[in-house]
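>>> Structure for this input, please:
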Amino acid sequence: MNFTGIFFIGMQREFNFVFLIKITYTQKPPSIRTVENKEEIFCVIRKRWFRITPEEWVRQNFLLHLIYDLRFQPSLIAVEKQLQVGEMKKRFDIVVYSSSHKPYLIIECKEMNVPLTEEVLQQALRYNIPVNAPFVVITNGAYCMAFKIENGNFVEADQLPSRT
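Numbering: from 1, shown residues only. Alright, predicted model coming up:
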């Protein structure tokens, strides 16, 4: 895929996206239950049940991937917290903090049938302006793309960042 004009804190650049990272999930599936004929999925971070939507399924499976496969500490993960983007209030999907409690990784989740496009990346980048994490990840549950902000440069990564 070739995208031009990516918005990144006022900079215009051209990127050739080449690293679609296939997600291999752990053998540990999320907990699911049925209440009043509606399926719910348990969030291991928020410690409560949520109605299953296509995006919530991706979010919960990716959280388990972060915890069980990539070994990020659950106590350093925040899910769906409100943030201010300009004059609008938005919610990020997932932020992982470093061991020094600084934002390390922001993740934007989309449902599985949503392609990973420039628009999805721009949304994650807008959410990252107030968060200021050095890594940005977008995922649709099957694949993800990772980016690192390093010395003012925006670089596509060929794998997900490791824990700090």
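
>>> Bridged to residue 153, which residues?
Judged by DSSP bridges, the bridge partners of residue 153 are residue 150.

>>> shift numbering so it begins at 4
Yep, numbering from 4; the last one is residue 156 now.

>>> what's the spacing between it and residue 134?
18 Å (C-beta to C-beta, to the nearest Å). Where C-beta positions appear, they are placed from N, C-alpha and C, glycine not excepted.

>>> between those two, who's got more neighbours?
Set residue 156 next to residue 134 and count neighbours by other C-beta atoms under 10 Å: residue 134 wins out with 19 against 10.

>>> Need the pLDDT of that one.
We have a pLDDT of 90 for residue 134.

>>> got a list of what it touches?
By C-beta atoms under 8 Å, 6 or more residues apart in numbering, the contact list for residue 134 reads 86, 95, 98, 106, 109.

>>> What is the neighbour count of the spatially closest residue to the second one that is not a sequence neighbour?
The spatial neighbour of residue 95 that comes closest, neighbours along the chain excluded (C-beta to C-beta, 6 or more residues apart in numbering), is residue 130 at 4.8 Å. By the other C-beta under 10 Å criterion, the neighbourhood of residue 130 contains 21 residues.

>>> my guess is residue 130 contacts residue 86, does it?
Yes. Assessed by C-beta atoms under 8 Å, residue 130 is found in contact with residue 86 at 6.5 Å.
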